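> fold the stuff below for me.
(chains A, B and C)
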Amino acid sequence: MSIMVQENVVLTNVDQGIWLDNYSLNPTQPGSNWSINKRTLRGGLSDGIDVVTVDNGKLAVDLLPTRGMGIWRGQFAGKALGWESPVARPVHPKFVNQNERSGLGWLTGFNELICRCGLSSNGPPGKDTVLDNNGNPIETDLTLHGKIANIPAHHVEASANENEGLISVTGIVDETMMFGPQLQLRSTLQTRLGSNSVTIIDEVSNLAGQPTELELLYHTNIGRPLLEAGGRMRAPVAELAPRDEVAAKDIDTYKDIGPPIPGFTEQCYYMSLAADSDDQTIVLLMNAGGDFGVSLQFSVAELPCFSMWKNTQASEDGYVVGLEPATNFPNPKTFERDRGRVITLQPRQKYQTSLTLTAYESAEEINRVSMHIANMQGDATLGMYRLPHKRFSPQ
Amino acid sequence: MSIMVQENVVLTNVDQGIWLDNYSLNPTQPGSNWSINKRTLRGGLSDGIDVVTVDNGKLAVDLLPTRGMGIWRGQFAGKALGWESPVARPVHPKFVNQNERSGLGWLTGFNELICRCGLSSNGPPGKDTVLDNNGNPIETDLTLHGKIANIPAHHVEASANENEGLISVTGIVDETMMFGPQLQLRSTLQTRLGSNSVTIIDEVSNLAGQPTELELLYHTNIGRPLLEAGGRMRAPVAELAPRDEVAAKDIDTYKDIGPPIPGFTEQCYYMSLAADSDDQTIVLLMNAGGDFGVSLQFSVAELPCFSMWKNTQASEDGYVVGLEPATNFPNPKTFERDRGRVITLQPRQKYQTSLTLTAYESAEEINRVSMHIANMQGDATLGMYRLPHKRFSPQ
Amino acid sequence: MSIMVQENVVLTNVDQGIWLDNYSLNPTQPGSNWSINKRTLRGGLSDGIDVVTVDNGKLAVDLLPTRGMGIWRGQFAGKALGWESPVARPVHPKFVNQNERSGLGWLTGFNELICRCGLSSNGPPGKDTVLDNNGNPIETDLTLHGKIANIPAHHVEASANENEGLISVTGIVDETMMFGPQLQLRSTLQTRLGSNSVTIIDEVSNLAGQPTELELLYHTNIGRPLLEAGGRMRAPVAELAPRDEVAAKDIDTYKDIGPPIPGFTEQCYYMSLAADSDDQTIVLLMNAGGDFGVSLQFSVAELPCFSMWKNTQASEDGYVVGLEPATNFPNPKTFERDRGRVITLQPRQKYQTSLTLTAYESAEEINRVSMHIANMQGDATLGMYRLPHKRFSPQ
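Purely as a prediction, here's the structure:
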């Protein structure tokens, strides 16, 4: 009998001068077909991007350590998970100027299946008051969705444990500056061999000697082939409000997916979700036939705010729906602070989250999850606002 | 008899993981001395710049796929084509912050023989109204001369066909973002073996599901040794207006090249040109002796606006004259839109241009081209404005 | 007898296509243990950073050609020279957006032992009036501490001369743009084998055809282990003023180093210094025991303005004191211009400075330097302002 792989490989460690341009970790067991594969893109706006493909044999995802440990895209049962953004390929942060276009520059690099928004702030561009080096308040322009997706990890390692049937990749990303926020993300993506899910386990630490603020949102984006007219979203909604009038207009069909419509204006629905006794909740997006779907499982104690982003524009413009578990709603940070939804981390304090993405290829599985969601829902509904509500979004 | 080269080599293709650090395509025929050579610059602000030298045996140009397929410089009959910018070497886009210095940051990377300005806008920094992700109009700052010169091509290929006596390089550059313009440039630079000219064939496509705007200008810049006091510009001018009072002051000598003058303030002359029956026109710049020159040939149907940029500053500050065929004049985009000179491309619509740069090393050739221009001119003159005119530039 | 090394090695020369990824220059003499070692960091925000370690056998420094020839850190007698910034590793300029956070983006890359501030401006973010391409005055936002620390050298060479007992590294950095400042820094770091000091010899040239302005400050930053409560600064102060009320509050103890205090607000003291008959002056920072110290020696003719930056924050936030010899005080450039402290360089004019950093590991050496400073001080004191003074800083 051959010895099973139980290996830990450092792919990047700036301090130790380690950086592997290409690397492949493969099974020792006959019949096993998992792999962890690292390559580096060259040329165009992708030049210098590290891609780490984590494939458990059934579900594969392309991790982007260079873009703050985001997940570019997935592959499941021969089908793509993700969406087709007008930005066709991963964009290296060196080409992203977040100040561009009045603070919307983040959109020049946005095309991931899962893209973190944060860590010091997320939401739309807007003014905020911060302290300068003299401790004086200055007004500054926050840019769309913060910095973390455009910071490369300085430490990346891959692990495989065939005995336990687990493979994983961990990255560490620093969002720090002198006289400013000092937040560190330690993110592990882990998956069980042959399973239909991956779990992201994140830990955000305040490295500073003083308290700091945290906003964290997982911008999870699904397009074709899963997304199609007739598809549905399912979630155990406790409270819900449309973000604005445009969303309010279609409040009755917010769970239903429409066809691509050129010029469609995005609609956002903000929710708090019911959960199991252990705070776990699930949201599900399925295709029209109900036999292809994706769910997100997370804790409402860790990620109490959930946004659904319906952006069913023409295919060329990004036909996509976002499922966005978060610590806050993606409003201006000043608004979220007023509502008590910005987290304050004390020195050395850590904030932990766990998010599991699961893909389904049968009506049976999807029915089971739908049922579970319906059970969680029960009579949990506290408030369904047909119009924007000042607790949820600015009027 | 040896088989002639008929080859197509992909130098860069991000999607297929192709990127050649160095590459050389050479003739198989004895006596033939063309070449296509690709290298990568390292260090300083040029770090990571791809240079593709296309040499037809008589005329050579250094292409910059990393800077939107611009042409850094040429070499013809032992003489340099181009100019000496205060920016001494090609600058990688990763070092250019276009928002710098109130939107003039483009100037920190400007030193090419031919540099495209566009694609969504060109002209000076200024306010414009665009739509944000919610479809709401927001005011944004356009930066000098747009983005295309600071976007690297994601696909580059070289071709040689010795039978037809043609060599070429093609690149594809995407100027796209989510909730914004989605313009794609496909540019081919092609030259006949042993000839004294290169032709740029560009195709700009609107990849979006909705109409979008296009402004495209070819900033073609000539300095020493061609440029010198006593040199002349020739063009079949149908209409002309100085851009501003500074240009108006010297309207009588706008075709004449002066010596370098420290502190000289740039003078711009805006023109529409007469053309042949097939819409082709020619502009010519010659040295004092009339035996060294460069011409640009293009279609006034494709590029109806022509600007002459006289910037005969001290050599150290950039002694240069620009010949700038374009879809518009390099005014604020809002002004050009009002004058109907901003192109609207429908979804999947393409805009094609062709521009031929020819170098001359004899008075005979230059006289022939001058004569041709004079013939085209004929009695085509419609309007010669001695003062700035509101149809051409803001007052 | 073996031949001694007398070598000059080009590590980077963009024009000649020279770039050495790794290189080591080592002694030929037995018993000699100097070295010059070049490596390239990969991954994280340090990706692409060149580090050149210059080790004279006793004192070693890590030079950063990629960050304008700054000195990341030193190593002396087994102790680190430098400080622990919240920015843990060298940051490549491609990741620094100086416009970020209202012009404070420089702070996302700040962690050096010696970081130059300049060349066209230094000091806090603020408005200034510059000329655009048309020679028209426009208002622009200067960003914190200027550009030079975020521009990579395009030429780097290492030299060793065992006969003379000297090793050195020279770099050339261009801070230039079309229609803007054209300043070139030629910097040599040189050290005597086995000595306890390094000397920086800088030459800044105005490459333009017209006069230009220069501001140059050496942000020299010391933290642990040298910095500690009970440490002292010594300098031959001719005049002194606190920058602001916060500094004025502790004017009586400005020379004394306190412990780390969470939330401590930085205190700046601006001084002019007395000097020897050859204009040389010295400032000294020592630990509590007076047996570990660092001095800076420079000419008050070259660098007439000296700032002490006390930033004894919590260790996590950057416990550090800056000793900052400069051509000006780090005020808004408009203020410094009004006070006559902005240098104007004529075309081709050069400005030269020399700065020697010396480390000490014994009370005897430190006492000798302290005594020398006390002698220079003599009765040189001209003015000690207990409150901010309008000659030194804005009120």
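
> which residues touch the closest residue to residue A:361 other than its chain neighbours?
Nearest non-adjacent residue to residue A:361, counting by C-beta to C-beta, 6 or more residues apart in numbering or on different chains: residue A:77, 4.6 Å away. For the C-beta atoms, the positions are set from N, CA and C on the backbone; glycine is no exception. Contacts of residue A:77 were listed using C-beta atoms under 8 Å, 6 or more residues apart in numbering or on different chains, and they are A:58, A:359, A:361.

> can you list the residues of the stretch 51-200 of chain A near chain B?
A:85-89, A:94-95, A:97, A:99-102, A:104, A:107-108, A:110-111 (C-beta under 8 Å from any C-beta of the partner chain).

> among the residues you listed, which are located in helices?
Under the assignment DSSP state H, those contribute A:100-102 to helices.

> most surrounded residue in the residues you listed?
Counting neighbours by other C-beta atoms under 10 Å in any protein chain shown, residue A:101 leads those with 27 neighbours.

> how about the strands in the stretch 251-395 of chain A?
Counting by DSSP state E, counting those that start in this stretch, the stretch 251-395 of chain A has these strands, from start to end: A:267-273, A:280-286, A:293-299, A:305-312, A:319-326, A:343-345, A:350-360, A:383-384.

> packing partners of the shortest one?
In terms of contact count using 3 or more C-beta pairs under 8 Å, 6 or more residues apart in numbering or on different chains; DSSP states H and E, strand A:383-384 is assigned the packing partners strand A:237-242.

> what's the strand it packs on packed up against?
Going by 3+ C-beta pairs under 8 Å, 6+ apart, strand A:237-242 lies up against strand A:267-273, strand A:383-384.

> rerun at 6 Å
In this structure, strand A:237-242 packs against strand A:267-273, with contacts taken as 3 or more C-beta pairs under 6 Å, 6 or more residues apart in numbering or on different chains; DSSP states H and E.

> turn the strands of the stretch 251-395 of chain A into JSON lines, columns for mean pLDDT and mean neighbour count.
What follows is those, written out as JSON lines (pLDDT from 0 to 100; neighbours: other C-beta atoms under 10 Å in any protein chain shown):
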{"stretch": "strand A:267-273", "mean pLDDT": "98", "mean neighbour count": "23"}
{"stretch": "strand A:280-286", "mean pLDDT": "98", "mean neighbour count": "23"}
{"stretch": "strand A:293-299", "mean pLDDT": "98", "mean neighbour count": "23"}
{"stretch": "strand A:305-312", "mean pLDDT": "98", "mean neighbour count": "22"}
{"stretch": "strand A:319-326", "mean pLDDT": "98", "mean neighbour count": "24"}
{"stretch": "strand A:343-345", "mean pLDDT": "98", "mean neighbour count": "16"}
{"stretch": "strand A:350-360", "mean pLDDT": "98", "mean neighbour count": "19"}
{"stretch": "strand A:383-384", "mean pLDDT": "90", "mean neighbour count": "12"}
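
> and the longest helix that chain A contains, how far out from the chain middle?
Ranked by residue count, the top helix of chain A under DSSP H comes out as helix A:363-377. Relative to its chain's centre, helix A:363-377 lies at 23 Å (C-alpha atoms, centre = their mean, to the nearest Å).

> tell me the buried residues in that helix?
In terms of neighbour count (16 or more other C-beta atoms under 10 Å in any protein chain shown), helix A:363-377 has its buried residues at A:365-366, A:369-370, A:372-373, A:376-377.

> ok and it relative to strand A:267-273, angle-wise?
With axes from the mean of the first three to the mean of the last three C-alpha atoms, to 10 degrees as the basis, helix A:363-377 and strand A:267-273 are set at 70 degrees to each other.

> ok, residues contacting helix A:363-377?
A:234, A:236, A:274, A:282, A:284, A:286, A:290-291, A:293, A:295, A:360 (C-beta atoms under 6 Å, 6 or more residues apart in numbering or on different chains).

> let's see it at 10 Å
By C-beta atoms under 10 Å, 6 or more residues apart in numbering or on different chains, the residues outside helix A:363-377 that reach it are A:196, A:232, A:234-238, A:273-276, A:280-287, A:289-295, A:297, A:358-360, A:362.

> what about the residue of the stretch 201-350 of chain A at minimum distance from chain C, neighbour count?
As assessed by C-beta to the nearest C-beta, chain C sits closest to residue A:209 within the stretch 201-350 of chain A, at 2.8 Å. Residue A:209 sits with 22 neighbouring residues when counted by other C-beta under 10 Å.

> wait, it touches residue A:347, no?
Yes - with contacts counted by C-beta atoms under 10 Å, residue A:209 reaches residue A:347, the gap being 5.4 Å.

> mutual contacts of those two, please.
Shared contacts of residue A:209 and residue A:347 (C-beta under 10 Å, 6+ apart): A:182, C:262, C:314, C:316-317.

> now the ones in helices among the residues of the stretch 51-200 of chain A next to chain B in CSV, with distance to residue B:213 and pLDDT?
Listed next are those as CSV, based on distance: C-beta to C-beta, whole Å; pLDDT from 0 to 100:
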residue, distance to residue B:213, pLDDT
A:100, 17, 96
A:101, 14, 96
A:102, 17, 95
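
> wait, which of the residues you listed is closest to chain C?
Using C-beta to the nearest C-beta, these come closest to chain C at residue A:100, 9.9 Å.

> contact partners for that closest one?
With C-beta under 10 Å, 6+ apart, residue A:100 has these contacts: A:106-108, A:143, B:97-99, B:140-141, B:143, B:147, B:177, B:180, C:97.

> for residue A:271, same thing?
A:235-241, A:254, A:283, A:305-308, A:329, A:384, A:392 are the contacts of residue A:271 under C-beta under 10 Å, 6+ apart.

> now do the phi/psi pair for the residue nearest to residue A:283 when sequence neighbours are not counted.
Nearest non-adjacent residue to residue A:283, counting by C-beta to C-beta, 6+ apart: residue A:235, 4.1 Å away. For residue A:235, the backbone dihedrals (degrees, to the nearest 10) come out as phi -160, psi 150.

> just the pLDDT for residue A:235.
pLDDT for residue A:235: 98.

> tell me how far stretch A:179-191 is from the chain's mean position?
From the chain centre to the centre of stretch A:179-191 is a distance of 13 Å (C-alpha atoms, centre = their mean).

> how about that stretch and chain C, any contact?
Yes - applying C-beta under 10 Å from any C-beta of the partner chain, one finds stretch A:179-191 touching chain C at A:179-182, A:184.
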